[in-house]
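# Sequence plus predicted model, see below.
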Amino acid sequence: MTKKEIVSLILLALVIAYGAWTWFNRSYSHTRAEPDLMDTVVTISAKSKSKNISAQIDSVFAYMKSFEAIFNDYDPQSWVSRVNAADGKSVPMNPHAYELLCLADSLYHLTDGLFDISVRPLYELWGFSRLGEPDFEPSPPDSLAIQETLAKVNFSRIRYNEKRIIMPKGMQITFGALAKGYVLDRARVFMERSGLISGQIDCTSGMTFFGQKHAQVVGVRHPRAGQNLQTIGSFKIKNGSLSSSGDYQNFFEYEGKRYHHILNPKTGYPVESVFSITVIHPSAAVSDGLSTALFLLPPPQAIEALTHYPNSNSVIFYQEQDKIVSLKSMGMKELDWHDE
């Protein structure tokens, strides 16, 4: 065999090896959005070795939708609605709800009772669930009505274990500050077990990433950007989760003042002077809960409280002397935070 023939065989072997490697490592990418899931738009982007990636993503959406039968406040047949309508009677526990009740309990104690999922009667009194209805004109409730409703808000009065839950008559709970993150966590695990190589789920106020080889740049919305979606800063995240809570997400204005949906369960009124909080954590449920829990605390206290949750970081935008200022956890520097 001549030297030329040997070189040709080597080149042929390399071409075959490269072709085999390419075939074995081939992948397909797909992105799809669901416009009405968990009361928001959910977008899933994923990569798979299967040509049926579209069907794989469809199965993820179906799996996520199944949780509405547990956590949807406005489905009278959902588990949480049955608990709220139990009129003081005990209700069999749902295992997913039990996990969130335990997290809610932890955040309740972290904030000295400011994070309280029994705030639902107060939320309804303010009419935040009716915003957007054509004949509804929002306005602050009467102060006496607020005081009467506050008597129905107290997480410590709820009794639950792995088998049952019971609440005093008139109390109601909502998982609005936790459920989206929890569903993102479960969906991420579902995607990994389905054989998807990598992916991300975006539900507007929260995101989760897995299997990413490179860090993604995530922008934080400017709290006064209006419809322009202007960002106020950005950071990088490779794998993990993030959630944002803001006074711009669900609010109305009355006589020149903004009233938003994050309510202080001690006073009955929206938190003042805090504009937005973004929390980064491996768990989407934890980041979801923390973004609301920390919103209820003064910013310096919120950053201190964050230390109780390892591997978490946050950036808080709030008002100081009529200016928007920020406070960040030390780890935001490692996430390559940039102000804009």
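Yes, it's here. No experiment lies behind these values; they were computed from the predicted model shown.

# alpha carbons only for contacts and neighbour counts from here, please
OK.

# Which residue ranges of the stretch 101-250 of the chain form strands?
Ranges of strands in the stretch 101-250 of the chain, per DSSP state E, counting those that start in this stretch, are 159-160, 164-166, 198-202, 206-210, 216-221, 231-237, 240-246.

# Could I get those strands in a markdown table, plus columns for mean neighbour count, distance to Asp105 and mean pLDDT?
Shown next, in a markdown table, are these (neighbours: other Cα atoms under 10 Å; distance: least, Cα to Cα, whole Å; pLDDT from 0 to 100):
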| stretch | mean neighbour count | distance to Asp105 | mean pLDDT |
| --- | --- | --- | --- |
| strand 159-160 | 14 | 11 | 98 |
| strand 164-166 | 18 | 13 | 98 |
| strand 198-202 | 21 | 26 | 97 |
| strand 206-210 | 25 | 21 | 98 |
| strand 216-221 | 17 | 28 | 95 |
| strand 231-237 | 17 | 28 | 96 |
| strand 240-246 | 26 | 19 | 97 |
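
# And the ones you listed: which comes nearest Thr307?
With Cα to Cα as the criterion, Thr307 lies closest to strand 240-246 of the strands of the stretch 101-250 of the chain, at 16.3 Å.

# send the alpha carbons of the closest one over as CSV?
This file holds the C-alpha atoms of strand 240-246, laid out as CSV (Å, rounded to 0.1, in the frame of the first residue of the first chain):
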residue,chain,number,x,y,z
GLY,A,240,-31.3,27.3,37.6
SER,A,241,-34.4,29.5,38.1
LEU,A,242,-35.5,33.0,38.7
SER,A,243,-38.6,34.9,39.6
SER,A,244,-39.6,38.5,39.7
SER,A,245,-42.3,40.3,41.6
GLY,A,246,-43.3,43.9,40.8
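
# remind me which residues of the stretch 1-150 of the chain are low pLDDT?
For the stretch 1-150 of the chain, the stretches with pLDDT under 70 are 1-27.

# rerun that using 50 as the cut-off
Under the criterion pLDDT under 50, the flagged ranges of the stretch 1-150 of the chain are 7, 12, 15-24.

# can you give me the helices in it?
3-24, 53-66, 68-71, 79-84, 95-110, 120-126, 143-150 (DSSP state H, counting those that start in this stretch).

# can you redo the ones you listed as TSV with mean neighbour count and distance to Ser314?
Listed next are the helices of the stretch 1-150 of the chain as TSV, based on neighbours: other Cα atoms under 10 Å; distance: least, Cα to Cα, whole Å:
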stretch	mean neighbour count	distance to Ser314
helix 3-24	11	40
helix 53-66	16	27
helix 68-71	20	26
helix 79-84	22	30
helix 95-110	17	16
helix 120-126	20	26
helix 143-150	14	30
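
# that older thread, what's the closest of the strands of the stretch 101-250 of the chain to Pro95?
strand 164-166 (10.1 Å).

# strands paired with that closest one, and their directions?
Strand 164-166 sits in its sheet next to strand 91-92 (antiparallel), strand 159-160 (antiparallel), going by DSSP bridges.

# about what we covered before: tell me which of the helices of the stretch 1-150 of the chain sits nearest to Gly289.
Gly289 sits nearest to helix 95-110 of all those, at 7.4 Å, using Cα to Cα.

# Let's see that closest one as PDB, backbone CA atoms only.
Output in PDB follows, covering the C-alpha atoms of helix 95-110 (Å, rounded to 0.1, in the frame of the first residue of the first chain):
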ATOM      1  CA  PRO A  95     -49.200  15.800  48.100                       C
ATOM      2  CA  HIS A  96     -48.200  18.600  45.800                       C
ATOM      3  CA  ALA A  97     -50.200  21.100  47.900                       C
ATOM      4  CA  TYR A  98     -48.500  19.700  51.000                       C
ATOM      5  CA  GLU A  99     -45.100  20.600  49.600                       C
ATOM      6  CA  LEU A 100     -46.200  24.200  49.000                       C
ATOM      7  CA  LEU A 101     -47.800  24.500  52.400                       C
ATOM      8  CA  CYS A 102     -44.500  23.500  53.900                       C
ATOM      9  CA  LEU A 103     -42.700  26.200  51.900                       C
ATOM     10  CA  ALA A 104     -45.400  28.700  52.700                       C
ATOM     11  CA  ASP A 105     -44.900  27.900  56.400                       C
ATOM     12  CA  SER A 106     -41.200  28.500  56.100                       C
ATOM     13  CA  LEU A 107     -41.600  31.900  54.300                       C
ATOM     14  CA  TYR A 108     -44.300  32.800  56.900                       C
ATOM     15  CA  HIS A 109     -41.800  32.400  59.700                       C
ATOM     16  CA  LEU A 110     -39.000  34.000  57.700                       C
END
